[in-house]
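1. I'd like to go over a predicted model; first the sequence, then the structure.
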Amino acid sequence: MTEASVPILMYHSVATDPNEATRALSVAPDAFAQQLAVIGDLGLTPVDTADLAARWRSGRPLPERPVLITFDDGYEGVHRHALPVLAGHGFAATLFVSTGWIRGAYDTGGGLDTMLDWDQVRELAAAGVEIGGHSHTHPQLDQLDDDALRHELVHCKEIVAAELGAVPASFAYPYGYSSRRVRQAVRATGYAQALAVGNDLARRRQGPYALRRVTVRRGTGIEEFARLVEGRAIARNFAGDRALTKGYALVRRARQVRRKAIRSRV
């Protein structure tokens, strides 16, 4: 039997006029509406991250033609523009928040554009959007020492639990970067599953802490989007991204080795 593969869509900002920092990874509101209409027209079944992972973990069957709609960081347009479209279709989704970027008591000032506030996050949760963790300050987690890594994961989890009254079950790695050490730390913190990027379809064999996603950008046309959610031509669409990812992974590993060597000499 062929292993089931699931498209997990990674969105960031949904905005009419995004700033330069977020433009490339933003989606215009009308484009987002058209994309969700495609999901409906194709008869796909949106599920959230916790549901997909739980089904794979337990062996329960997946729904007919599953797809995941996920948002990273916590931009205000997810509430303003995305939520009404999601609600109109009755679609499930997951929002991964960087708690230090959400407007309110824990705001570190690092948000790249207008961010959600906690009332808006609560409204998203009340509407059925799963709220997951995305670290506190959105660093490259694999570049942190153990103490800083634990703080990013635990502080994020505790803030979400305090604000929403529910412990987040799912996590997404900032920038999509992880390592075995990071994945072990995410699991030890109590997250039940975590999403990377990888620009590939998600499969059970990837494991619950390394499920892959495909990137939706401002330049993603509607025909390309249809191919993504149908799982067609993924490798061709993201060939350039994969080459850059592999190259930068080598750079990150070299940096880690260098830092370990420096620490061992101190």
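-> That came through fine.
2. how about residues contacting stretch 51-69?
-> 4, 6-9, 11, 36, 39, 42-49, 86, 91-94, 170, 192-193, 202, 204, 208, 211, 213, 229 (C-beta atoms under 8 Å, 6 or more residues apart in numbering). Just so you know, the C-beta spots here come from the backbone N, C-alpha and C atoms, and that holds for glycine as well.
3. and the lengthiest strand in the chain, which strands flank it?
-> In the chain, assigned by DSSP state E, the strand with the most residues is strand 66-73. Here strand 66-73 is paired, per DSSP bridges, with strand 8-11 (parallel), strand 45-47 (parallel), strand 94-97 (parallel).
4. for these, which one ends up most surrounded?
-> Per-stretch averages of neighbours, counted by mean count of other C-beta atoms under 10 Å, single out strand 94-97 among those, with a mean of 28.
5. where along the stretch 101-250 of the chain do the helices fall?
-> 118-126, 146-164, 180-189, 222-229, 234-237, 239-265 (DSSP state H, counting those that start in this stretch).
6. where among those is average confidence lowest?
-> Per-segment mean pLDDT for the helices of the stretch 101-250 of the chain reaches its minimum on helix 239-265, at a mean of 46.
7. coming back round to it: which residues touch the following helix or strand past the longest strand of the chain?
-> Per DSSP states H and E, the first helix or strand lying C-terminal to strand 66-73 is helix 77. Contact partners of helix 77, identified using C-beta under 8 Å, 6+ apart, comprise S13, V14, A15, S26, P29, T114.
8. also stretch 25-38?
-> 11-16, 18, 69, 75, 77, 81-82, 85-86, 89, 91, 215-218, 220, 222, 225-226, 229.
9. tell me the buried residues in that stretch?
-> L25, S26, V27, A28, P29, A31, F32, A33, Q35, L36, V38 (16 or more other C-beta atoms under 10 Å).
10. quick one: average confidence on it?
-> Computed over stretch 25-38, the average pLDDT equals 98.
11. how distant is that stretch from the center of its chain?
-> 17 Å (C-alpha atoms, centre = their mean, to the nearest Å).
12. can you redo the strands paired with strand 66-73 as JSON lines with distance to R103 and mean pLDDT?
-> Output for these, formatted as JSON lines (distance: least, C-beta to C-beta, whole Å; pLDDT from 0 to 100):
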{"stretch": "strand 8-11", "distance to R103": "20", "mean pLDDT": "98"}
{"stretch": "strand 45-47", "distance to R103": "27", "mean pLDDT": "98"}
{"stretch": "strand 94-97", "distance to R103": "11", "mean pLDDT": "98"}
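13. which one of these lies nearest to A185?
-> Proximity to A185 (C-beta to C-beta) singles out strand 94-97 among those, at 16.5 Å.
14. wait, doesn't L153 sit right on P139?
-> No: at 11.0 Å, L153 does not count as touching P139 under the criterion of C-beta atoms under 8 Å.
15. these two: who's more crowded?
-> Neighbour count, other C-beta atoms under 10 Å: between L153 and P139, L153 has more, with 24 against 18.
16. follow-up on the earlier one: can you list the strands paired with strand 66-73 in CSV and add distance to P61?
-> As requested, those are exported to CSV (distance: least, C-beta to C-beta, whole Å):
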stretch, distance to P61
strand 8-11, 18
strand 45-47, 12
strand 94-97, 20
